[in-house]
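Enquirer: got a predicted structure plus its sequence, pasted below:
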Amino acid sequence: MKTMSLPLVLLTHTLPADWIASLDGRVRALTGPLDATRLAPELEARLAEAEGLFCLLTIPVQKDLLDRAPRLRVVSNMAVGVDNVDVAECTRRGIPVGNTPGVLTDATADLTMALLLAAARRLPESARDARAGRWKTWSPAGWLGADLRGATLGIVGMGKIGRAVAERARGFGMKIVYTDPAPSADAPGEFLPLDELLRVSDFVSLHCPLTAETRGLMNESAFRKMKPTAILVNAARGPVVDTAALTRALADGQIAAAALDVTDPEPLPPEHPLYALPNCLIVPHIGSATHGTRRRMAEMACENLLAGLEGRRLPFCVNPEVYEKT
């Protein structure tokens with residue numbers, strides 16, 4: 001097959017070649033930079049020709065982009081969430097949208113527990129003190145943290161990741177409560193309304209998708225309901241938490257600490273006051289950042305991309321109703 005007859009695909013970010021090897025000889029790929037936060041100009045210039053889009057969650061795929069890509073046949077998002085994609089608009093245009101579900105469950109649950117443990121035992125603060133020379137001797141009352149055994153973990157969003165976190169937390173002897181729009185009889189914990197969950201939980205871990213209902217869910221009112229000893233963990237999406245309200249809650253002692261894998265905005269500017277608070281741990285959205293997980297996410301995104309280009313049903317499709325339309 002001649003190269004020019006292959007479909008043009010825009011890859012919004014540079015990825016390791018072996019992760020996307022399945023595309024070799026099957027598409028013409030134009031690739032953006034490693035750290036893109038918007039569609040690169042050289043990709044923008046080729047939107048009119050593009051038949052496939054392989055994107056990460058940092059790239060908005062909204063109506064204005066779709067208007068400039070009349071030949072687009074598939075959007076493949078290398079993430080489980082698709083809040084960066086206007087799925088309804090894609091469906092209206094007959095464009096299937098793919099994601100990468102399931103594969104990142106364990107890695108994200110592991111990272112959640114790492115954040116929870118680090119905040120509970122004040123690891124960042126104690127490590128800074130050791131490096132700064134403030135560790136003079138073994139101190140009976142120094143750097144005291146929170147116990148996990150017997151503590152209550154409130155999980156907001158009992159999907160696959162929420163369940164995996166609950167499984168791990170039980171191994172530490174924690175009691176599990178949860179809230180979710182669709183309570184389940186087989187959920188690993190007791191269902192509570194959000195307000196009650198916030199009142200009784202020693203740790204609150206967020207695992208809900210970003211929707212109109214969950215945007216700003218953790219706001220000033222929510223923080224006032226939490227225990228002053230409570231710790232918040234967010235491994236969902238940054239805008240689920242009102243950043244200004246969280247900053248005030250931590251600074252004023254409304255809650256004890258927070259550990260964030262995601263922020264709003266993302267990335268959080270280095271001069272943001274959250275970084276200066278000793279009771280706030282921030283990591284750069286690394287929930288799925290293991291060698292195996294990220295590689296498998298890329299491979300799944302390639303599978304979706306190729307299926308859409310070849311007129312096959314996407315193996316991981318978030319808008320299957322698009323096939324009913326066609």
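Expert: Looks like it came in fine. Numbers count the residues shown, from 1 in each chain.
Enquirer: strands along this protein, start to end?
Expert: 8-11, 28-31, 52-55, 74-77, 97-98, 152-156, 175-179, 190-191, 203-206, 231-234, 257-260, 280-282 (DSSP state E).
Enquirer: starting at the chain centroid, how far to the third one?
Expert: Relative to the centre of its chain, strand 52-55 is centred 19 Å away, using CA atoms, centre = their mean, to the nearest Å.
Enquirer: next: the last one.
Expert: The chain centroid and the centroid of strand 280-282 are separated by 16 Å, computed with CA atoms, centre = their mean.
Enquirer: what about the longest helix in the chain?
Expert: Identified as the longest helix of the chain according to DSSP state H is helix 291-309.
Enquirer: quick check: mean pLDDT across that one?
Expert: Averaged across helix 291-309, pLDDT comes to 98.
Enquirer: other SSEs contacting it?
Expert: Here helix 291-309 touches strand 52-55, strand 74-77, strand 97-98, going by 3 or more CB pairs under 8 Å, 6 or more residues apart in numbering; DSSP states H and E. Backbone N, C-alpha and C define where each C-beta goes, glycine included.
Enquirer: distance between that helix and the chain's centre?
Expert: On the basis of CA atoms, centre = their mean, helix 291-309 sits 17 Å off its chain's mean C-alpha point.
Enquirer: Throw the strands of the chain into a markdown table and include distance to residue 307 and mean neighbour count, thanks.
Expert: Shown next, in a markdown table, are these (distance: least, CB to CB, whole Å; neighbours: other CB atoms under 10 Å):
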| stretch | distance to residue 307 | mean neighbour count |
| --- | --- | --- |
| strand 8-11 | 13 | 24 |
| strand 28-31 | 16 | 18 |
| strand 52-55 | 10 | 27 |
| strand 74-77 | 8 | 28 |
| strand 97-98 | 8 | 26 |
| strand 152-156 | 34 | 26 |
| strand 175-179 | 35 | 21 |
| strand 190-191 | 38 | 14 |
| strand 203-206 | 32 | 26 |
| strand 231-234 | 33 | 28 |
| strand 257-260 | 35 | 26 |
| strand 280-282 | 37 | 21 |
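Enquirer: ok, back up a step: next, the buried residues of the longest helix of the chain.
Expert: 293-309 (16 or more other CB atoms under 10 Å).
Enquirer: got CSV for the helices and strands packed on helix 291-309, with distance to residue 63 too?
Expert: CSV is the format used below for those (distance: least, CB to CB, whole Å):
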stretch, distance to residue 63
strand 52-55, 14
strand 74-77, 13
strand 97-98, 14
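Enquirer: closest one to residue 119 among the ones you listed?
Expert: For the helices and strands packed on helix 291-309, the distance to residue 119 is smallest for strand 74-77, at 29.9 Å, taking CB to CB.
Enquirer: okay, now the sheet partners of that closest one, with direction.
Expert: Note on strand 74-77: by DSSP bridges, its sheet partners are strand 52-55 (parallel), strand 97-98 (parallel).
Enquirer: list the contacts of the shortest one.
Expert: Translated: strand 97-98. For strand 97-98, contacts defined as CB atoms under 8 Å, 6 or more residues apart in numbering pick out 74-77, 82, 85, 87, 90-91, 300-301, 303-305, 307-308, 314-319, 322.
Enquirer: chain center to that strand: distance?
Expert: On the basis of CA atoms, centre = their mean, strand 97-98 sits 17 Å off its chain's mean C-alpha point.
Enquirer: picking that back up, among the strands paired with strand 74-77, which is nearest residue 67?
Expert: Short answer: strand 52-55, nearest of the strands paired with strand 74-77 by CB to CB, at 13.5 Å.
Enquirer: can you put the strands of the chain in a markdown table and add distance to residue 272 and mean pLDDT?
Expert: Below are the strands of the chain laid out as a markdown table (distance: least, CB to CB, whole Å; pLDDT from 0 to 100):
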| stretch | distance to residue 272 | mean pLDDT |
| --- | --- | --- |
| strand 8-11 | 30 | 98 |
| strand 28-31 | 31 | 97 |
| strand 52-55 | 26 | 98 |
| strand 74-77 | 27 | 98 |
| strand 97-98 | 32 | 98 |
| strand 152-156 | 23 | 98 |
| strand 175-179 | 29 | 98 |
| strand 190-191 | 35 | 98 |
| strand 203-206 | 19 | 98 |
| strand 231-234 | 15 | 98 |
| strand 257-260 | 11 | 98 |
| strand 280-282 | 9 | 98 |
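Enquirer: surely residue 116 is in contact with residue 230?
Expert: No. With contact defined as CB atoms under 8 Å, residue 116 does not reach residue 230; the gap is 11.7 Å.
Enquirer: could you measure from residue 29 over to residue 196?
Expert: Remark: distance between residue 29 and residue 196 (CB to CB, to the nearest Å) = 51 Å.
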